[in-house]
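Trainee: Fold the following and give me the result.
(2 chains)
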Amino acid sequence: MQSSLLRFIDVLRSHALPISPAETLDAAAAMDLVGYGDRQMLRDALAVTLAKSAREEETFRSCFDRFFDQQASDFSDVGDREGSEGSAAQDLEQESPGQQRAEADGNGESPGGGAGSADAGSTDEQRLQAAAGDSPALRDLLEGDLLPALLENQRGTLSAALRRAAAEAELERIKLFTQKGQFTRRILDALGDGDLRDAVLELEKNNSPALPTLRRYRDILRGQVRDFVEQQYLLHAEGRNDAFMDDILSQTRLANIDRRHVDRVRRQVRRMARKLASRHSSRRRRVTRGQLHMSKTLRSGIAHDGVLFQTHWRARKRDKAQVMAICDVSGSVAAYAGFLLMFLYSLQDVLPRMRSFAFSHHLGEISQLFEEEPLERAIELANWRFGGATDYGGSLRDFSRLALDDINRSTSVIILGDARNNRGDPELDIMHSIYQRSKQVLWLNPEPRQAWGTGDSEMPRYQSACNYSAPCGNLQQLERVVDQLLKSLR
Amino acid sequence: MDKREELASAKAIETGFAQRGYICSPKIATAVFLAAKLRKPVLVEGPPGVGKTELAKTAAALLELPLVRLQCYEGLDEAKALYEWKYGKQLLYTQVLKEKLGDLLQGAQGLAESVERLHQFGDIFYSEEFLEPRPLLQALRQKDGAVLLIDEIDKSDYEFESLLLEILSDYQVSIPEIGTVRASSIPLVFLTSNNTRDVSDALKRRCLHLHIPFPSVELEERIIASRVPEVDDSLRHQLVNFVHAVRELDLRKLPAVSETIDWARSLLLLHASELDRELLEDTLNVLLKFEQDIETATSELPTLLRESLDEKRAAR
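Mentor: Next up is the predicted model:
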């Protein structure tokens, strides 16, 4: 039973539930307490100990159903031994073969599914027995374990054999959907499908009337194995594949990310933002004003014979950090701007005062736009409104007119762009006045560092007016930069 | 605590709660059962008004233990949550004892001997007598155990969460001047959160996690039947169905169980026997708390009403 739990926890982990060893112990203890008799209660108990948020609970539920449905027979054994209530165990037992039967039905006629169709089963058997005279392979089969089990529909024997074969083939290591066929074949071979194949060939040669019957049983077996592999794939590999994809995507250049992966990246951005937000919750700074902290003042006064030398104050002032993001939305950089803004707007809780500007040919404020429109649409609109040949000089002039007066020592300015100015006037003076007024200027450049300064790139000159400049080609780099930003805002 | 028969099984808890007017799903009962047996705190999450705080109160009533409640808010610190020294008393005593000092030091030869004598008295000012226990320490000091409710943990600061870690995992508090205070009997701890921010992983790991969603129609009807028994069956069915239909709408604040109960009470006061449009328009403000939401719901009223009445017919 313990090993079932451990395997289940392994499955949960592969679905990105972070389960610590301490929680595993809790789950084991909870399992001992509630017993295995009541499936509902077992599920609740494990959910309470293993899933730590509403989102995780959803994942947990789907994994639980998938995992324990196929574990059904393991469970019914234990349920019997425990002898407690047993109802749920029976439920499980009934559920599992029911499912198998449904699958079998899907593959054609039922091979004598219940007691009612026992006649049909015996005729099948008789037919095969009759044909066995001409075919030594079939005779061997009928004397073996597999075919009689199939004929009599001994689900216990079959599913035990199936599980044994799966364990031999190390099915739990399945990673990619392309491996499904390979694993199905390996398991079939281990079950003795080879002999079945030989027998079918022999019957074909003899043109035996029993051929369709034997073929049907072969198909049933194959269907079962295929379904089993499919289930296991969903259980073991789906979550891992997700993590794998996320990993790859976070290292891919953002401009190269395929349209169909955008949703996934967006989810990932949100997850990263949540992580950053919880790491950089609002910090408070002690100030020397406001209401007197009486008890604290008294406490420190005791050392001086009750004379209140040192005063302490109750109020703490929240750092009012302001962030201004200036994004190039021209074609080449627009994708990056989208992700950066998505990131910053997912951090609303941590960055309460945020203004954003977009530019290409000229510059304008888009804070309002982002409040009213969904992200993609807003970026599209911004692109349309300010598009044209990129003009950094003109855009900086626009910016200084719009917002330079609002920049003070608590303002962080983030500029995202490739600094390719089409050989226009870079207006470095304005950059320097922004630099001097603000707390910090960060420049994010989607181009790799080697490309900075080549051609019409003004990056080296602008860099002289930045506290920090970094490439932000992929999500990982972006996360690092935003992390840096939040750290500096403390 | 775990010997009490009230907590013998999840079923017993469910019936015990029901007797005290708290109708809960088996899941909630299982969580409380595990919390008592595994001696772990429960982190209760869910939308406001589904009975998170009520759960702790009912558990205290069921176990006949005192409920110690700590309401969290921004800026809550250990002086308000854990303990505080009685500074006034300390100050007063120093003043009073100053005169005694002369007697005490009489006959002492030189400074060294005087200090030696003073050392014999130890740190009397930092002893239990001068300690003012706050909710967390109070809960640990209850002889027969207690139910500790840490309400709206998401409103507190991150620093405060770290403060809780020692208490929640080992049921002890370290006071630098005195030492470690252990719980005389381990309290049953509930933490509630409205999810205004994510609670830290370290805290989550130490707790069992219970998410209470809005109840199903059937469960909510049982809750109303238990809380407002005077409402007759058909009206109850209608009003619960109506509330469930309203929850499907796109609203700023969805009506919770507490609002359903309030609404049922007000319908009772108005002697209503069946829902109709006029009645709904008059009483919708009990159910919905934002003007905007009331407008949205009013425009949908005919559909909502039809749905809740239809289901009634289907149920018959």
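
Trainee: residue contacts, the closest residue to chain B within the stretch 201-350 of chain A?
Mentor: Residue nearest to chain B within the stretch 201-350 of chain A: residue A:298 (4.0 Å; CB to the nearest CB). Where you see a C-beta, it was placed from the backbone N, CA and C, and this is true even at glycine. Residue A:298 sits next to A:306, A:308, B:87, B:88, B:91 when contact means CB atoms under 8 Å, 6 or more residues apart in numbering or on different chains.

Trainee: So of these, which two are at opposite extremes in space?
Mentor: Farthest apart among the contacts of residue A:298 by CB to CB are A:308 and B:88. That separation is 13.2 Å.

Trainee: Residue 29: neighbour count?
Mentor: Since no chain was named, I'll use chain A. 15 (other CB atoms under 10 Å in any protein chain shown).

Trainee: ah, no, chain B please
Mentor: Neighbours of residue B:29 (other CB under 10 Å): 22.

Trainee: and what of residue A:416?
Mentor: 25.

Trainee: One more: residue A:147?
Mentor: Residue A:147 - counted by other CB under 10 Å - has 23 other residues nearby.

Trainee: is it true that it touches residue A:220?
Mentor: No: judged on CB atoms under 8 Å, residue A:147 makes no contact with residue A:220 at a distance of 11.2 Å.

Trainee: Residue B:180: what's it in contact with?
Mentor: B:172, B:173, B:174.

Trainee: Buried among the residues you listed? Make that a PyMOL selection.
Mentor: Command for PyMOL that selects the buried part of the contacts of residue B:180, burial taken from 16 or more other CB atoms under 10 Å in any protein chain shown:
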select buried, chain B and resi 173
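
Trainee: ok, of the contacts of residue B:180, which one's closest to residue A:232?
Mentor: Closest to residue A:232, out of all of the contacts of residue B:180 and judged by CB to CB, is residue B:172, at 45.9 Å.

Trainee: check contacts around the closest residue to the closest one other than its chain neighbours.
Mentor: In space, and not counting its chain neighbours, residue B:172 is closest to residue B:182: 4.7 Å by CB to CB, 6 or more residues apart in numbering or on different chains. Shown in contact with residue B:182 (CB under 8 Å, 6+ apart): B:140, B:171, B:172.

Trainee: how many other residues sit next to the closest residue to the second one other than its chain neighbours?
Mentor: If I follow you right, that is residue B:171. Nearest in space to residue B:171, with sequence neighbours left out and distances taken as CB to CB, 6+ apart, is residue B:183 at 4.0 Å. Residues lying near residue B:183 (other CB under 10 Å) number 20.

Trainee: check contacts around residue B:183.
Mentor: By CB under 8 Å, 6+ apart, residue B:183 lies in contact with B:139, B:140, B:141, B:171, B:172.

Trainee: between these, which is closest to chain A?
Mentor: Nearest to chain A among the contacts of residue B:183, counting by CB to the nearest CB, is residue B:171 at 15.9 Å.

Trainee: For that closest one, the count of nearby residues, please.
Mentor: Residue B:171, neighbours per other CB under 10 Å, totals 20.

Trainee: Which elements pack onto the strand or helix carrying residue B:80?
Mentor: Per DSSP states H and E: residue B:80 is located in helix B:78-81. For helix B:78-81, the packing partners by 3 or more CB pairs under 8 Å, 6 or more residues apart in numbering or on different chains; DSSP states H and E come out as helix B:158-170.

Trainee: just to revisit the earlier point, average model confidence for the helix holding residue B:80?
Mentor: The average pLDDT within helix B:78-81 is 85.

Trainee: Other residues contacting that helix?
Mentor: Residues contacting helix B:78-81 (CB under 8 Å, 6+ apart): A:295, A:296, B:70, B:134, B:135, B:136, B:160, B:163.

Trainee: right, quick check: the helix or strand just after it against chain A, any contact?
Mentor: Per DSSP H and E, the first helix or strand lying C-terminal to helix B:78-81 is strand B:83-85. Yes: Strand B:83-85 comes into contact with chain A (CB under 8 Å from any CB of the partner chain), by way of B:84, B:85.

Trainee: Show me what strand B:83-85 packs onto, helices and strands only.
Mentor: helix A:294-301, strand B:131-133.

Trainee: Lowest average confidence across the ones you listed, which one?
Mentor: helix A:294-301 (a mean of 80).

Trainee: Dump it to PDB, keeping only the CA atoms.
Mentor: Taking C-alpha atoms only, helix A:294-301 is exported to PDB below (Å, rounded to 0.1, in the frame of the first residue of the first chain):
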ATOM      1  CA  MET A 294       4.600  53.900  23.900                       C
ATOM      2  CA  SER A 295       5.500  50.500  25.100                       C
ATOM      3  CA  LYS A 296       8.600  50.300  23.000                       C
ATOM      4  CA  THR A 297       9.800  53.700  24.200                       C
ATOM      5  CA  LEU A 298       9.100  52.700  27.800                       C
ATOM      6  CA  ARG A 299      11.000  49.500  27.300                       C
ATOM      7  CA  SER A 300      14.100  51.200  26.100                       C
ATOM      8  CA  GLY A 301      13.700  53.800  28.800                       C
END
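
Trainee: Quick check: residue A:363 touching residue A:326?
Mentor: Yes: the pair residue A:363 and residue A:326 passes the contact test of CB under 8 Å, sitting 7.3 Å apart.

Trainee: Are there residues contacting both of these two? Which ones?
Mentor: A:357, A:395, A:399.

Trainee: Quick one: the strands in chain B, in order.
Mentor: B:42-45, B:67-71, B:83-85, B:131-133, B:147-151, B:172-175, B:179-182, B:188-193, B:208-211 (DSSP state E).

Trainee: can those strands go into JSON lines with extra columns for distance to residue A:375?
Mentor: Shown next, in JSON lines, are the strands of chain B (distance: least, CB to CB, whole Å):
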{"stretch": "strand B:42-45", "distance to residue A:375": "28"}
{"stretch": "strand B:67-71", "distance to residue A:375": "37"}
{"stretch": "strand B:83-85", "distance to residue A:375": "48"}
{"stretch": "strand B:131-133", "distance to residue A:375": "51"}
{"stretch": "strand B:147-151", "distance to residue A:375": "36"}
{"stretch": "strand B:172-175", "distance to residue A:375": "47"}
{"stretch": "strand B:179-182", "distance to residue A:375": "52"}
{"stretch": "strand B:188-193", "distance to residue A:375": "28"}
{"stretch": "strand B:208-211", "distance to residue A:375": "29"}
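
Trainee: Show me the two of the contacts of helix B:78-81 that sit farthest apart.
Mentor: Taking CB to CB, no two of those sit farther apart than A:296 and B:70, at 20.4 Å.

Trainee: okay, the two: which has more neighbours?
Mentor: residue B:70 (22 against 17).

Trainee: show me the contacts for the closest residue to that one other than its chain neighbours.
Mentor: Spatial nearest neighbour of residue B:70, excluding adjacent residues (CB to CB, 6+ apart): residue B:135 at 4.1 Å. Going by CB under 8 Å, 6+ apart, residue B:135 touches B:68, B:69, B:70, B:81, B:148.

Trainee: Same check on residue B:136?
Mentor: B:70, B:81, B:82, B:148, B:164, B:167, B:173.

Trainee: mind checking how far the residue of chain A positioned farthest from its centre is from residue B:105?
Mentor: The outermost residue of chain A, judged against the average C-alpha position, is residue A:305 (61.5 Å), by CA atoms, centre = their mean. From residue A:305 over to residue B:105 the distance is 17 Å, taken as CB to CB, to the nearest Å.

Trainee: State the number of residues packed around the closest residue in space to residue B:147 that isn't next to it in sequence.
Mentor: Using CB to CB, 6+ apart and skipping residues adjacent in sequence, the residue nearest residue B:147 is residue B:60, 3.9 Å away. Neighbour count of residue B:60, defined by other CB under 10 Å: 20.

Trainee: if I read this right, residue B:60 contacts residue B:66, doesn't it?
Mentor: Yes: here residue B:60 reaches residue B:66: they are 6.9 Å apart, a contact under CB under 8 Å.
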